[in-house]
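Novice: Provided below for reference: sequence and predicted model.
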Amino acid sequence: MPVRVRFAPSPTGPFHIGGARSALFNWLFARRYGGTFIVRIEDTDLERSTRESEENILNALRWLGLDWDEGIQVGGPNEPYRQTERLDLYRRYADTLLESGQAYRCYCTEEELAAEREELLEKGEMVRYRGRCRNLTPQARAALEAAGRKPVIRFRVPEDYVIQVNDLVRSEVSFDCSGIGDFIIVKSDGIPTYNFAVVIDDHTMEISHVIRAEEHLSNTPRQILIFEALGWQIPEFAHVSLILGQDRSKMSKRHGATAIEQYQAKGYLPEALVNFLALLGWSPGGEEEVFSLEQLVEHFSLERVSKSPAVFDLDKLNWLNGHYIRTASLERITGLAISYLEKAGYISQPLTAKKYEWVTMLVALVRDYLDCLEEITDHAAIFFSDKIDIEEDEAREIMAGNQVPAVLEALKAKVTAGPALTEAGARLLLKEVGKELGVKGKEIFMPVRVALTGKTHGPDLNRIMAILGQTGVANRLEQAGAYTAVLKGRA
Ligand code: GLU
């Protein structure tokens, strides 16, 4: 049987980490086995579904690099791919089940159902529909309809029946039907429920493997019952474990960003997220943690998807993202960084060629320090303002050194008199200052670093000088000179 898998999001809000992981696992599985990846939209929750959310999800899938072979926007043999446009199909199969008696119309009101629920709760029994409308006579039905009651359609769950799910991740799971109760497959407004529509879609689209989140495991017996009732082949199921936060409770907003677009906005790269998501529940075995999409395709298998919950480790995501930021092409990272610098008000587009080259130098300098691109504005701040704050105690101590005023003065004179600063030129000037004043290494570099950046640690000093340029360096050295004079005065 050819591999055909699907991702079927409900467009009811932001696209979450968990959904993206389900999409990725399906995509990897399809690509690994030369199968077909289908994306369709489960929008039967009319109140909560929006086109905007649908667009967001599809854009995020594309951004992550998860293209689909059939489905929404791309078309295919099973169009349409939005459930609200497939209502006729669901109605047809609901009729089939009604005709065979495997489904029936139920006229119970909300109040009646609530009363039943209460009664069951009071008795300490499992809450379920007990089948009041299971065997209505045609006369009784006619009377209820005449009274204006709008029926739902319920599936007749067989009694004394146990359903086995051979889940590819969780192994054998069995469900006793006596706990299920006749469930609704079509609501009174004619809209199918998830459990019904999903089966019709999975069958008509010839889905071979249903790979989805663990929270749908309890829906699976209902879906299997419908497959069986319609005499259809049941796909394989693979339910992927929950994603937990560091405190081991279900991942939620409380633990930080949960939506893919939030990560995108912060400047996480798609390849970092894909790499990270793949390791949430799947492991290739071995120590390696950095995988490109191609490598993931090569290694992915459901056998190595874990039954136990995955823990969302932001440090690991940051580490991976930092890795990809450092190894991606400088041109690409610069292109992305520009929008953050622009948002911070540091630059405005269009950039001249010279300015672009300068920004590229800046990005090359600071990208090693970034967990995500958004952080570039902090690291770049010193290049956009001449005002340097010296706040660390260690930095103040350094500036109180006896040699400092002379070092700053000598360097300032050289920088001002010399040609435009380059990395090599800066190195030379620092060396010359050392030689002239008879001061060595640290005694020069540290105060100059503090004078230029306010900090005791950071990127390569020569490169910082080249980026700041003559005026930038001279201004800061001057300021720092005044600062040391104040320090002296106080001492
Ligand atoms: N619309 C469901 C969800 O977003 C999909 C469930 C399924 O894959 O069967 O969770």
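Specialist: Perfect, thanks for sending it.

Novice: And the residue of the stretch 151-300 of the chain that's closest to the ligand?
Specialist: Here the residue of the stretch 151-300 of the chain nearest the ligand is residue 212; by C-beta to the nearest ligand atom that distance is 3.7 Å. Placement of C-beta: from N, CA and C, glycine included.

Novice: Would you agree that residue is in contact with residue 241?
Specialist: No - using C-beta atoms under 8 Å, residue 212 is not in contact with residue 241; the gap is 11.4 Å.

Novice: quick revisit: so the residue of the stretch 151-300 of the chain closest to the ligand, which state does it fall into?
Specialist: strand (DSSP: H, G, I helix; E, B strand; the rest coil).

Novice: Which strand residues bridge it?
Specialist: residue 239 (DSSP bridges).

Novice: ok, how many other residues are close to it?
Specialist: Residue 212 has 25 neighbours, counted by other C-beta atoms under 10 Å.

Novice: With residue 164 instead?
Specialist: Neighbours of residue 164 using other C-beta under 10 Å come to 11.

Novice: again, but for the one 5 residues further on
Specialist: Using other C-beta under 10 Å, residue 169 has 21 other residues around it.

Novice: Pull the contacting residues for it.
Specialist: 238-241, 302, 305-307 (C-beta atoms under 8 Å, 6 or more residues apart in numbering).

Novice: tell me, which of those residues make contact with the ligand?
Specialist: Cross-checking those against the ligand (C-beta under 6 Å from any ligand atom) gives no overlapping residues.

Novice: Dump the residues you listed into JSON lines; add pLDDT as well.
Specialist: Formatted as JSON lines, the contacts of residue 169 follow (pLDDT from 0 to 100):
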{"residue": "238", "pLDDT": "98"}
{"residue": "239", "pLDDT": "98"}
{"residue": "240", "pLDDT": "97"}
{"residue": "241", "pLDDT": "95"}
{"residue": "302", "pLDDT": "96"}
{"residue": "305", "pLDDT": "97"}
{"residue": "306", "pLDDT": "95"}
{"residue": "307", "pLDDT": "93"}
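
Novice: And the residue in the stretch 351-491 of the chain positioned nearest to the ligand, how far from residue 382?
Specialist: Using C-beta to the nearest ligand atom, residue 372 is the residue of the stretch 351-491 of the chain that sits closest to the ligand, at 27.0 Å. Separation of residue 372 from residue 382 (C-beta to C-beta, to the nearest Å) stands at 19 Å.

Novice: more neighbours, those two?
Specialist: Remark: of residue 372 and residue 382, residue 382 carries more neighbours, 22 against 19, as counted by other C-beta under 10 Å.

Novice: which residues in the stretch 51-200 of the chain form strands?
Specialist: 70-71, 103-106, 152-155, 162-167, 171-176, 184-186 (DSSP state E, counting those that start in this stretch).

Novice: Give me the sheet partners of the third one and which way each runs.
Specialist: Applying DSSP bridges to the sheet, strand 152-155 is found paired with strand 103-106 (antiparallel), strand 184-186 (antiparallel).

Novice: Could you identify which of these is most buried?
Specialist: Of all the strands paired with strand 152-155, strand 184-186 has the most neighbours on average by mean count of other C-beta atoms under 10 Å, namely a mean of 23.

Novice: Show residues contacting it.
Specialist: With C-beta under 8 Å, 6+ apart as the criterion, strand 184-186 contacts 90-91, 94, 97, 103, 106, 152-155, 192-193, 195-196, 226.

Novice: Output the below-cut-off pLDDT ranges for the chain.
Specialist: When residues are selected by pLDDT under 70, those of the chain lie in 491.

Novice: where does residue 131 sit relative to the ligand, distance-wise?
Specialist: The gap separating residue 131 from the ligand is 26 Å, by C-beta to the nearest ligand atom, to the nearest Å.

Novice: Make 707 the first number, not 1, from now on.
Specialist: Renumbered: residue one is now 707, and that last one reads residue 837.

Novice: Which strands or helices does the longest helix that the chain contains pack on?
Specialist: As assigned by DSSP state H, the longest helix anywhere in the chain is helix 1167-1196. In this structure, helix 1167-1196 packs against helix 1059-1072, helix 1099-1105, helix 1110-1123, helix 1129-1143, helix 1147-1159, with contacts taken as 3 or more C-beta pairs under 8 Å, 6 or more residues apart in numbering; DSSP states H and E.

Novice: Just send the strands of the stretch 757-906 of the chain back as CSV, with distance to residue 1161 too.
Specialist: Below are the strands of the stretch 757-906 of the chain laid out as CSV (distance: least, C-beta to C-beta, whole Å):
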stretch, distance to residue 1161
strand 776-777, 51
strand 809-812, 70
strand 858-861, 67
strand 868-873, 54
strand 877-882, 55
strand 890-892, 63
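
Novice: now these as CSV including distance to the ligand?
Specialist: As requested, the strands of the stretch 757-906 of the chain are exported to CSV (distance: least, C-beta to the nearest ligand atom, whole Å):
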stretch, distance to the ligand
strand 776-777, 13
strand 809-812, 20
strand 858-861, 17
strand 868-873, 13
strand 877-882, 16
strand 890-892, 15
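
Novice: To residue 1116, which of the ones you listed lies closest?
Specialist: Residue 1116 lies closest to strand 776-777 among the strands of the stretch 757-906 of the chain, at 68.3 Å (C-beta to C-beta).

Novice: picking that back up, nearest to residue 1165 among the helices and strands packed on helix 1167-1196 would be which one?
Specialist: helix 1059-1072 (4.8 Å).

Novice: what sits up against that closest one?
Specialist: 1036-1037, 1039-1040, 1043-1044, 1047, 1053, 1057, 1082, 1085-1086, 1089, 1165-1166, 1169-1170, 1172-1173.

Novice: Just the buried ones among these, please.
Specialist: 1039-1040, 1043-1044, 1047, 1053, 1057, 1082, 1085-1086, 1089, 1165, 1169-1170, 1172-1173 (16 or more other C-beta atoms under 10 Å).

Novice: Residue 1073: which of those residues is nearest?
Specialist: Nearest member of those to residue 1073, counting by C-beta to C-beta, is residue 1039, at 5.7 Å.

Novice: Pull the distance from the helix or strand encompassing the closest one to the chain's centre.
Specialist: Using DSSP states H and E, the element containing residue 1039 is helix 1036-1049. Put simply, helix 1036-1049 sits 21 Å off its chain's centre (C-alpha atoms, centre = their mean, to the nearest Å).
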